[in-house]
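Structural data only, the sequence is not supplied:
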């Protein structure tokens, strides 16, 4: 399938997917793609030091890149504008806190095989602490989509679902504007006023269940 073919998920489709992948080790990664619209490389380059849980914000500064003859490396994001502090909705913060607990468990299980260097304190590490291959993440995402039984789309398209999900999460439009990186609030409000549809009540109910659901397994 072409990277740009098709359309992003509706909120009900996205929430159905998130419910299906609730127990997966990259559940929080899927949350950040769908709710914050993060690009694959910057998602996998996020480090714990980039997250400010107290002030509910985060600052993406690195991305995972494959360098010829070297392998996976962390490199700076291209522009200063892409490194601005962004709001972190409660839903995302809770998913990240669960991810931190799971990563600690993975670290204990790996023992001496844990390979994560201190300066590579990435959130979405491999099961042994290394950087996660963006192509491999896309393959994992594709498998999860197939397993969830929702319409097949790419990570690139999935991240464009974030506007409607922010509206369903009742995130303030000004906060959503910062997350979506819109220059005009009117662009954000255009999304907010168009998410109301036949599936709204069902989507809100599904999202409420997901927010209340503790991680199992």
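That came in fine, so what should we check first? Just so it is clear, the structure is predicted and the values come from calculations on it, not from any experiment. Residues are numbered from 1 along each chain as shown.

got the end-to-end distance for stretch 65-85?
Its start and end residues considered, stretch 65-85 measures 22 Å (CA to CA, to the nearest Å).

So what's the gap between that stretch and the chain middle?
17 Å (CA atoms, centre = their mean, to the nearest Å).

in it, what's buried?
Of all the residues in stretch 65-85, those buried under the rule 16 or more other CB atoms under 10 Å are 65, 72, 74, 77, 83. C-beta: built from backbone N, CA, C; applies to glycine.

try stretch 159-174
159-169, 171, 173.

ok so, going back, quick one: which two of the buried residues of stretch 65-85 are the most distant?
Among those, the pair separated by the greatest distance (CB to CB) is 72 and 83, at 20.4 Å.

thinking again about what came up before, which of the buried residues of stretch 159-174 fall in helices?
Residues of these located in helices (DSSP state H): 162-168, 173.

Quick one: low-confidence residue ranges for the chain.
By pLDDT under 70, the weakly predicted segments of the chain are 1-5, 79-83, 195-208, 211-217.

wait, what's in contact with the residue nearest the centre of the chain?
By CA atoms, centre = their mean, the chain has its centre lying nearest to residue 32, at 1.8 Å. Contacts for residue 32 (CB atoms under 8 Å, 6 or more residues apart in numbering) come out as 38, 43, 46, 92, 95-96.

quick one, what contacts the closest residue to residue 74 other than its chain neighbours?
Leaving aside its sequence neighbours, residue 74 sits nearest to residue 62 (CB to CB, 6 or more residues apart in numbering; 4.7 Å). By CB under 8 Å, 6+ apart, residue 62 lies in contact with 42, 45-47, 50, 74-77.

tell me the two of these that are most distant?
Put simply, by CB to CB the two of the contacts of residue 62 set farthest apart are 50 and 75, 14.4 Å from each other.

Over to residue 150. Which of the three states is it?
coil (DSSP: H, G, I helix; E, B strand; the rest coil).

List the beta-bridge partners for the residue nearest to residue 74.
Assessed by DSSP bridges, residue 62 has beta-bridge partners residue 76.

Could you check how far it is from residue 25?
Separation of residue 62 from residue 25 (CB to CB, to the nearest Å): 21 Å.

Residue 173 versus residue 89, what's the distance?
13 Å.

got a list of contacts for stretch 66-83?
42, 45, 59-65, 120, 122, 130-135, 181.

What ranges does the protein have for its helices?
All helices of the chain, identified by DSSP H, fall at 11-20, 27-36, 40-44, 90-110, 134-148, 155-158, 162-168, 173-180, 185-192, 200-212.

Name the residues of the shortest one that come out as buried.
Going back to what we said before, that points to helix 155-158. 155, 157-158.

And the residues you listed, which is closest to residue 107?
residue 155 (26.0 Å).

didn't that closest one look like it was pressed against residue 144?
No. Contact between residue 155 and residue 144 fails when scored by CB atoms under 8 Å: they sit 10.5 Å apart.

How many residues are close by residue 91?
19 (other CB atoms under 10 Å).

One more: residue 193?
9.

distance of it from residue 184?
14 Å.

now residue 147
Taking CB to CB, one finds residue 147 at 39 Å from residue 184.

which of those two has more neighbours?
residue 147 (12 against 9).

Not including adjacent chain positions, what is the nearest residue to the more buried one?
residue 20 (6.6 Å).

No further queries at this time; thank you.
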